[in-house]
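Engineer: Got a predicted model here, sequence first, then my questions.
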Amino acid sequence: MRFTFFKNTLLLCVLVCFSCGSQTKDSNEATDDSIVIHDTVAVDNIAENLLRTGAEQPTNYLPLLDGKNVGVVANQTSILRFAESVNPPNAELQAIQKDQHLVDFLVGNDIAVRNVFAPEHGFRGTADAGELVKDGIDTKTGLPIISLYGNNKKPSSKQLEGIEIMIFDIQDVGARFYTYISSLHYVMEACAEAGIPVLVFDRPNPNGHYIDGPILEPEHSSFVGMHPVPVVHGMTIGEYAQMINGEGWLSNGLQCDLTVIKMENYTHDTAYSLPVKPSPNLPNDTAINLYPSLCFFEGTVVSAGRGTDMQFQIFGAPALPKAYFPFQFTPQANEGATYPKFKGEQCNGLDLRDSKRLNKLNLEWLIEAYVGFGKKPEFFNPFFTKLAGTKKLQEQIEQGYTYPEIRATWLRDLESYDTMRQAYLLYP
């Protein structure tokens, strides 16, 4: 087999590559009842602390792929940075240090990629949340793309024919209702049924520094929450895959033949700025950090900013009183929101773009919006229970529980979950 790029440049890449999206941020002060895994710490010497994702370590996986037909679950986040060092040793190195998609890298190194599987939002990541993603052909490589969304969330046995090993390389954001971990479950399950090994290329969790929220109850399991974990689960995608296997969550007691290609120089206290937005409506670090708290509005009459360029950084609705919700915005169709809530209508709300980095869920905004709306029954819709993973949260808000009172009801379950997750952690 010919490792065209790999043989000639890998040693240099190993010496100089790092994920240039990694940066330090301040955490807001933790309260006594917070379950904060770590506070963010500064990286004093970036040249000695090179964060490399699983995909950026070809020596650990190319030998496993040699001579095999490969399936790849990927999207726009599946890139190898191969970023230049702080002080590149010579000009020739800069020519090879370009962002490169994993699929292009594999094909360029004569790996026999047979099919590409695309999760919600598609292979290039531009589809709306919940929009049908169709099968197709990747125009760059000519490879068939199979959608893992809509009615085909789990690869069929026919779609897996001829595949000898499956790669899963998707950037997660650490929230239970972010559906890439549900896609991971179905890929692992289908591959376990077909006897196909799975390689998970690990990536940082930008919300990996804390765990919080109610634990999902089995009767409320859905594609936006399949497992009994809190809203913020505090695990990397590789750690989460190990937990799916270890806790026996695959159907019929199946176990997936799983290998995690670990990251280098990563801990749960590493603040990580994603180099590529993981989905159309998570455009920046602030949106990603606020997403676990603001996504609850998707199950209400309130907009979380879809149809603006401030998605998951603002919220509002026409019916909220301007006196208490003075920030105004008007949603319009845009990438990732063809039919946004309140399209063309002026909304009154709050602008949260200057909020401090969260290390726990914030439900104050949700409660304030419920009170501002007049505590009406139509504030919530059935999707809210799926997002919360329990009916109790809506009931508590409707009964006038304060935010601290609500959080107090989660803490014992969170402690039990934290004990369970320890067995699957790959990083401190």
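Structural biologist: Yep, it's here.
Engineer: Would you map the helices across the stretch 151-300 of the chain?
Structural biologist: Ranges of helices within the stretch 151-300 of the chain are 180-194, 237-246, 285-294, based on DSSP state H, counting those that start in this stretch.
Engineer: and what of the stretch 301-428 of the chain?
Structural biologist: Listed in chain order, the helices of the stretch 301-428 of the chain (DSSP H, counting those that start in this stretch) span 364-372, 383-388, 392-398, 403-408, 411-421.
Engineer: follow-up on the earlier one: take the helices of the stretch 151-300 of the chain and write them to CSV, including mean pLDDT, mean neighbour count and distance to residue 141.
Structural biologist: Any C-beta I mention is one placed from the backbone N, CA and C, and that applies to glycine too. Output for the helices of the stretch 151-300 of the chain, formatted as CSV (pLDDT from 0 to 100; neighbours: other CB atoms under 10 Å; distance: least, CB to CB, whole Å):
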stretch, mean pLDDT, mean neighbour count, distance to residue 141
helix 180-194, 97, 22, 20
helix 237-246, 98, 22, 24
helix 285-294, 98, 24, 29
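Engineer: Just give the closest residue to the residue sitting nearest the centre point of the chain, not the sequence neighbours.
Structural biologist: Closest to where the C-alpha atoms of the chain average out (CA atoms, centre = their mean) is residue 172, at 2.0 Å. In this structure, residue 172 finds its nearest non-sequential neighbour in residue 237, 4.6 Å apart by CB to CB, 6 or more residues apart in numbering.
Engineer: on that earlier part again, just checking, the residue nearest to the centre of the chain touches residue 207?
Structural biologist: No - Residue 172 lies out of contact with residue 207 (CB atoms under 8 Å); the separation is 9.1 Å.
Engineer: Which residues are in contact with the nearest residue in space to residue 183 that is not next to it in sequence?
Structural biologist: Once flanking residues are discounted, residue 183 sits nearest to residue 119: 4.2 Å by CB to CB, 6+ apart. Going by CB atoms under 8 Å, 6 or more residues apart in numbering, residue 119 touches 73, 75, 148-149, 170, 179-180, 183.
Engineer: Try it again at 10 Å.
Structural biologist: Contact analysis of residue 119 by CB atoms under 10 Å, 6 or more residues apart in numbering lists 73-75, 125, 133, 147-149, 153, 168, 170, 179-180, 182-184, 186-187, 279.
Engineer: any idea how far it is from residue 178?
Structural biologist: 10 Å (CB to CB, to the nearest Å).
Engineer: joint contacts of the two?
Structural biologist: By CB under 10 Å, 6+ apart, the residues touching both residue 119 and residue 178 are residue 279.
Engineer: hang on, the earlier thing: next, give phi and psi for the residue nearest to the centre of the chain.
Structural biologist: phi -100, psi 170 (degrees, to the nearest 10).
Engineer: re the thing from before, which residues touch the residue nearest to residue 172?
Structural biologist: Residue 237 neighbours (CB under 10 Å, 6+ apart): 54, 168-172, 174, 180-181, 184, 200-205, 260.
Engineer: where in the protein is pLDDT low?
Structural biologist: The chain contains residues with pLDDT under 70 at 1-49, 82-98, 120-122, 124-135.
Engineer: Residue 360 touches residue 212, doesn't it?
Structural biologist: Yes - using CB atoms under 10 Å, residue 360 is in contact with residue 212, at 4.8 Å.
Engineer: So if I had to pick from the two, which one is more boxed in?
Structural biologist: residue 212 (26 against 20; other CB atoms under 10 Å).
Engineer: and the more buried one, how far is that from residue 408?
Structural biologist: 12 Å.
Engineer: again, but for residue 397
Structural biologist: According to CB to CB, residue 397 and residue 408 sit 14 Å apart.
Engineer: Please identify which of those two sits among more neighbours.
Structural biologist: In terms of neighbours (other CB under 10 Å), residue 397 is the more surrounded of residue 397 and residue 408; the figures are 23 against 12.
Engineer: just to revisit the earlier point, need the helices of the stretch 151-300 of the chain in CSV with distance to residue 99, can you?
Structural biologist: Shown next, in CSV, are the helices of the stretch 151-300 of the chain (distance: least, CB to CB, whole Å):
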stretch, distance to residue 99
helix 180-194, 20
helix 237-246, 20
helix 285-294, 18
